[in-house]
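K.L.:
sharing a sequence plus its predicted fold:
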Amino acid sequence: MATQAPRHSYAQRASSLARDRRHTRKLSTGCPLLDASLGGGLDARGITEIAGAAGVGKTQLVLQLMLQVQLPVEYGGVGGGG
């Protein structure tokens, strides 16, 4: 009969961590209307593809995000953790 590994109280599934708001961070775009349509901003743990026609502001948005990522959390950034 095989023995099972002991379950530790600190072991958690990745899915439960993803649902826990303490383990998720959102990066603000700096635009409240865009943040609202994105569910609070961009997920700081994922990869986001930005696509669109020439001249619609993709580069401007990315430059803004590069600034936002350096801001402290209380200002919508991730405290330089990007």
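P.N.:
Right, received. Where do you want to start?
K.L.:
which residues of this protein fall in strands?
P.N.:
All strands of the chain, identified by DSSP state E, fall at 26-27, 42-43.
K.L.:
mind putting those in a markdown table, distance to Met66, mean pLDDT and mean neighbour count included?
P.N.:
No exception for glycine: its C-beta is placed from N, CA and C like everyone else's. Below are these laid out as a markdown table (distance: least, Cβ to Cβ, whole Å; pLDDT from 0 to 100; neighbours: other Cβ atoms under 10 Å):
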| stretch | distance to Met66 | mean pLDDT | mean neighbour count |
| --- | --- | --- | --- |
| strand 26-27 | 10 | 84 | 20 |
| strand 42-43 | 12 | 86 | 19 |
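K.L.:
quick one: closest of the ones you listed to Val73.
P.N.:
Closest to Val73 of the strands of the chain is strand 26-27 (Cβ to Cβ; 9.8 Å).
K.L.:
name the helices or strands packed onto the closest one?
P.N.:
strand 42-43 (3 or more Cβ pairs under 8 Å, 6 or more residues apart in numbering; DSSP states H and E).
K.L.:
many thanks, I have nothing further to ask.
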